[in-house]
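**Student:** Build me a model from this:
(one chain, ligands or ions: 1)
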Amino acid sequence: MVKKVDHIGVAVKDLEETIKFYTDILGMDLQGTEVVEEQKVKVAFLPIGDSEMELLESTEKDGPIAKFIEKKGQGIQHIAYRVDDIEKSIEELKAKGIKMIDEKPRYGAGGAKIAFLHPKSTHGVLVEICQRD
Ligand code: ZN
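**Tutor:** Residues are numbered from 1 along each chain as shown. A predicted model of the protein is given here:
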């Protein structure tokens, strides 16, 4: 069902400072940033090989990323796997007994269609599936 790791989402407190680590220290390129209002988050994209790192900074005190950092601190927040047909994948996952956070795809950063699986169904990792056309 899944094709590859599309991206790794990292929750950070200070986007600008974190970007410096990935670019100046690790030598990655910053492709751009985008604010996703619906998720109260500012995202920075740093491609690496066939995948990318997505750095996520909350734009609001009550956003999901702010809450994540409050509970767990900064760090990896989710792993996203690429799928070809997200609607079909959601149906397949549900048929296999997986609890979905998103029963329907929504729009994520970079114009992707995304859906999250519930961590209760994934042994603790917040898993996203992601379709890019
Ligand atoms: Zn993601």
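
**Student:** Can you tell me which residues in this structure are near the ion?
**Tutor:** The chain comes close to the ion at residues 9, 80, 128, as judged by Cβ under 5 Å from the ion. Placement of C-beta: from N, CA and C, glycine included.

**Student:** in the chain, which helix or strand is least confident?
**Tutor:** Of all helical and strand segments in the chain, the minimum by mean pLDDT, DSSP states H and E falls on strand 106-107, at a mean of 91.

**Student:** ok, and what's touching that one?
**Tutor:** The contact list for strand 106-107 (Cβ atoms under 8 Å, 6 or more residues apart in numbering) reads 38, 113-115.

**Student:** most surrounded residue in the residues of the chain next to the ion?
**Tutor:** Within those, most neighbours by other Cβ atoms under 10 Å means residue 80, with 25 neighbours.

**Student:** nearest residue to that residue other than its sequence neighbours?
**Tutor:** Spatial nearest neighbour of residue 80, chain neighbours left out: residue 128 (3.9 Å); criterion: Cβ to Cβ, 6 or more residues apart in numbering.

**Student:** so that neighbour sits in a strand?
**Tutor:** Yes. Counting by DSSP: H, G, I helix; E, B strand; the rest coil, residue 128 falls inside a strand.

**Student:** In the chain, mark out all the helices, start to finish.
**Tutor:** Using DSSP state H, the helices found in the chain span residues 15-20, 64-72, 86-95.

**Student:** Any idea how far the shortest one is from the middle of the chain?
**Tutor:** On the basis of Cα atoms, centre = their mean, to the nearest Å, the separation between the geometric centre of helix 15-20 and that of its chain is 17 Å.
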